[in-house]
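Peer 1: Here is a sequence with its predicted model. Questions after.
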Amino acid sequence: MDTIKTFIRKSRIKSPWLLHFDCGSCNGCDIEVLACLTPVYDIERFGIINVGNPKHADLLLVTGTVNHRNKKVLGNLAEQMPEPKIVVALGSCGLSGGVFREAYNVIGGVDKIIPVDVYVPGCPPKPEAIIDGVVTGLAKFAQKKGDTS
Amino acid sequence: MKEEVISVTPDTLGNKIAEMKKNGYRFVTMSCVELDSDTVDILYHFDKNLELAHFRLTIPKNEAAPSISPVYFAAFLVENEIQDQFGIRFDGLAIDYNRTLYLEEEVQRAPYCRITVSNVEGSEGD
Amino acid sequence: MARTIIPFGPQHPVFPEPLHLKLVLEDEIVKEAVPALGYVHRGLEMLADIRDYHQMIQICERVCGICSTIHAQCYCQGIEELMGIEVPARAKFLRVIWAEIHRVQSHLLWLGLFADAFGFESLFMQCWKIRERVMDINEATGGNRVNVSVNIIGGVKRDLAPDMTRWILSELDLVEQEVKRLEKVLLHDYTVKKRTVGKGVLTKDQALELGAVGPTLRGSGVAQDIRQLGYAAYGDLSYTPVVAKDGDAYSRNRVRFLETYQAIALVREAISKLPPGEISVKVKGKPEGEIVSRVEQPRGELMYYIKGNGKKNLDRLRIRTPTFANIPPLLSMLPGIELADVPVIVLSIDPCISCTER
Amino acid sequence: MTEGIIVFNMTPNVLRNFFSKSATRLYPKETRETFGNVRGELYNKIEACIFCRTCARKCPSQCITVDTKEATWQCDPFVCVYCGVCVENCPKKCLYQKNEYRKPAIEKEVIFMKGEIKKEKTEEDQQEK
């Protein structure tokens, strides 16, 4: 049994699955995340797969500002993900609200709702920066994984 | 504005809109502007072969405006938006979100009204 | 038959954005669709109260990340008209060049997503691979892949040197070659036709009545495009709108695909006619009065209503984006189709939710 | 052409991709050179700064705080939208943007710089007042 557990643990670190949620972004960061998945940047070569189901995901990529309506969806998604999980906030809006942080319907960054592990600055961050962010997240993921097992 | 803006009243609005529809105008959008503490301007923009036509309806904030969505269905979204943002009620909306198109139910204040008046419906909650 | 209500979204693998639709189904057939918005609503029009009219350019640019420069262009044109500023000819041509480069990028993005909606994964990847070349042009000319921020009130910030324009042309030649290879696939392939022909029909009368704009309107046989007004330098360029007659998802696909060629041709023409001279003029004074400014976005007609009161903050800024106008037509397309076709139909209007809700 | 069933149109593209060079940029292994005028991370040459607050006023996202008395310049890189407005408006041209973006971080941080107050006031500064 232990060998299976170790195997699963190692696989989760080696091949994390990614869930992308657009909170309230202007699409700039979104399309950069998608560009990461397409041939030119091809994040799948690291074993990272974009999934649509939060229950399969290890990594949550969040773009955009949090507002009063999508904070519930965001909380819900983060709650459904299995532990340990890594939350990567992308772009100025995801970090703090960016240029919109004083707008009336904006609460602020993602970290106001769920704990964020990695912050990727940029408006929007380049796909290279997103890869960097995911890699930084993975290091933290491995660390968290070590703590829990 | 470059084009002429025709003033309408809540009573004449219905006829004017029906006329526009008969003449084959495409509904572009409506804009709402707060004038002072009591009144708002609602501008109706129409387009036919790239020519714009505008109507201006000036109404008090606490009065319901007649909805044009039974004539132009496309207006339902923007009328709901104005309901959300300015707290103006529209009578006879095709799909009424009841002020929850963008905002959550608990939000009572109309965010675009800089000058709030106590007797505006819904502004007491602030 | 009992009615089922299926919530579609907000987090859905097909859309990159949170669009929520309540679909009322009878068996597998959609009877009614009600959109629920507000997941991306930020209320940025209200920021005009605390930011001055120069800062609003950056905010308008971030209404939508796919057609950012066109938003800024529309806003700047409106303010310029209010203040009576005459923009130098070179700046007008440069604005056209950036706008059309954005259109190529946006249409390729959409063609990819559309292919993804009916499960044609390799076509999706191919479109996005081509798109990266256009993104490189953006990055090299404007300094950012998405928000090029070149528009300022009174002109543009950055100039294009002759060697840069030559490089843009050579890159666009490559893009055109690669897009041409996809023509057979996107316009004639059996799989594509099977999923799109006759789906989500919007007739000419319906399109006009429901206020459709852009490729959704032109796909229904109405040759209407704001570029015909000749704003910026479009008056000096040869331009005729692309029209398809059937009004189904395939027609809209066809319009967008052919517009990609057209946009590349417009960039070429604009570069060949690029006049020398200044790229911006000095701005003095404050905007006063009200104006409606319209431009053609990749998704259709974009309208800004600007009201200034002679102060540095605008009185009112209202943005009517193309997807906002295309949602009522979408609601009339959905009833009567199968659940499996919903993503294809929804994507066929090229929804941009961050535009819609601002 | 349009009547018959035309299938496998994608195959020539797929084969071409198969036999041509890979399009993928092997990012962490090979870093591509960035284009010359990319607007990246914002920095301040604090020795030249006169703390005129122009950048703080012009910034669309209000991410810069300048204290004229204490001679400090502070920027929140997690709010900055990299638009370059501050760089264009800087009277001393002491602000500049690198070609690279800031690296992802685990903790939030701010760029804090302390300089010295210049004795003589420049013309631009006087005009601002």
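Peer 2: Good, I have the coordinates.
Peer 1: List phi and psi for A:Val88.
Peer 2: phi -110, psi 120 (degrees, to the nearest 10).
Peer 1: ok, how many other residues are close to it?
Peer 2: A:Val88: 27 surrounding residues under other CB atoms under 10 Å in any protein chain shown. Glycine gets a C-beta too; all of them are placed from N, C-alpha and C.
Peer 1: I figured it was touching A:Val134, is that so?
Peer 2: Yes: with contact taken as CB atoms under 8 Å, A:Val88 and A:Val134 are classed as touching, separated by 6.4 Å.
Peer 1: Around chain C, which positions in chain B sit nearby?
Peer 2: B:1-3, B:21, B:24, B:26-29, B:31-34, B:43, B:45, B:49-50, B:52, B:54, B:72-74, B:76-78, B:95, B:100-104, B:111-112, B:114 (CB under 8 Å from any CB of the partner chain).
Peer 1: Among the residues you listed, which are located in helices?
Peer 2: Among those, the residues falling in helices (DSSP state H) are B:Lys21, B:Phe76, B:Leu77, B:Val78.
Peer 1: May I see the buried residues of the one helix or strand A:Ala139 maps to?
Peer 2: Taking DSSP states H and E as the definition, A:Ala139 sits inside helix A:127-148. Buried positions in helix A:127-148, judged by neighbour count with 16 or more other CB atoms under 10 Å in any protein chain shown: A:127-138, A:141-142, A:144-145.
Peer 1: Closest one to chain D out of those residues, please.
Peer 2: A:Gly133 (4.0 Å; CB to the nearest CB).
Peer 1: wait, does stretch C:164-176 make contact with chain A?
Peer 2: No: Stretch C:164-176 stays clear of chain A (CB under 8 Å from any CB), getting no nearer than 13.4 Å.
Peer 1: how about that stretch, does it reach chain D?
Peer 2: No: legend: contact between stretch C:164-176 and chain D by CB under 8 Å from any CB is lacking; minimum distance shown is 10.2 Å.
Peer 1: Could you report the distance from the residue of chain A found nearest chain B to chain D?
Peer 2: Going by CB to the nearest CB, chain B is nearest to A:Tyr104 of chain A, at 4.4 Å. As for A:Tyr104, its distance to chain D is 16 Å (criterion: CB to the nearest CB, to the nearest Å).
Peer 1: That residue: which element?
Peer 2: Taking DSSP H and E as the definition, A:Tyr104 sits outside all helices and strands.
Peer 1: For it, the count of nearby residues, please.
Peer 2: A:Tyr104 has 20 neighbouring residues, counting by other CB under 10 Å.
Peer 1: What of the one 10 residues further on?
Peer 2: With neighbours defined by other CB under 10 Å, the count for A:Ile114 comes to 20.
Peer 1: Which secondary structure state does the closest residue to it other than its chain neighbours sit in?
Peer 2: Nearest residue to A:Ile114, sequence neighbours excluded (CB to CB, 6 or more residues apart in numbering or on different chains): A:Ala78, at 4.5 Å. Assigned with DSSP: H, G, I helix; E, B strand; the rest coil, A:Ala78 falls in the helix class.
Peer 1: Who are the contact partners of A:Ala78?
Peer 2: A:Pro54, A:Leu60, A:Lys85, A:Val87, A:Ile113, A:Ile114 (CB atoms under 8 Å, 6 or more residues apart in numbering or on different chains).
Peer 1: quick one: C:Arg3 and C:Lys31 touch, right?
Peer 2: Yes: C:Arg3 lies in contact with C:Lys31 (CB under 8 Å); the separation is 7.0 Å.
Peer 1: Mind listing the shared neighbours of these two?
Peer 2: Here C:Arg3 and C:Lys31 have C:Val24, C:Leu25 as joint contacts, going by CB under 8 Å, 6+ apart.
Peer 1: more crowded one of these two?
Peer 2: Ranked by neighbour count (other CB under 10 Å), C:Arg3 and C:Lys31 place C:Lys31 first, with 16 against 10.
Peer 1: what residues are shared contacts of A:Val88 and A:Val134?
Peer 2: Shared contacts of A:Val88 and A:Val134, defined by CB under 8 Å, 6+ apart, comprise A:Leu59, A:Leu61.
Peer 1: If I look at the residue of chain A closest to chain B, what pLDDT would I see?
Peer 2: In this model, A:Tyr104 is scored at 79, pLDDT.
Peer 1: Ok, D:Thr11 next?
Peer 2: Confidence score, pLDDT, at D:Thr11: 80.
Peer 1: Could you count how many residues lie near it?
Peer 2: 11.
Peer 1: The closest residue to C:Trp167 other than its chain neighbours in helix, strand or coil?
Peer 2: Sequence neighbours aside, C:Ala140 is the residue nearest to C:Trp167 in space, at 7.5 Å (criterion: CB to CB, 6+ apart). Under three-state DSSP, C:Ala140 falls in the helix class.
Peer 1: And for C:Ala140, the neighbour number?
Peer 2: Look at C:Ala140: counted by other CB under 10 Å, it has 19 neighbours.
Peer 1: and it, what does it touch?
Peer 2: C:Ala140 neighbours (CB under 8 Å, 6+ apart): C:Met164, C:Trp167, D:Phe35, D:Gly36, D:Asn37.
Peer 1: Out of those residues, flag the one nearest to chain B.
Peer 2: C:Met164 (33.8 Å).
Peer 1: ok, and the closest non-adjacent residue to the closest one?
Peer 2: C:Met164 sits nearest to C:Thr141 (CB to CB, 6+ apart), 6.5 Å away.
Peer 1: before we move on, the earlier item: pretty sure the residue of chain A closest to chain B contacts C:Gly43?
Peer 2: Yes: counting by CB under 8 Å, A:Tyr104 does reach C:Gly43; the two are 4.5 Å apart.
Peer 1: which residues are common contacts for those two?
Peer 2: Residues touching both A:Tyr104 and C:Gly43 by CB under 8 Å, 6+ apart: B:Pro111.
Peer 1: Please name the nearest non-neighbouring residue to C:Tyr304.
Peer 2: Using CB to CB, 6+ apart, the closest residue to C:Tyr304 is C:Ser293 (4.6 Å).
Peer 1: And for C:Leu82?
Peer 2: C:Pro287 (4.3 Å).
Peer 1: so how many other residues sit close to that neighbour?
Peer 2: 26.
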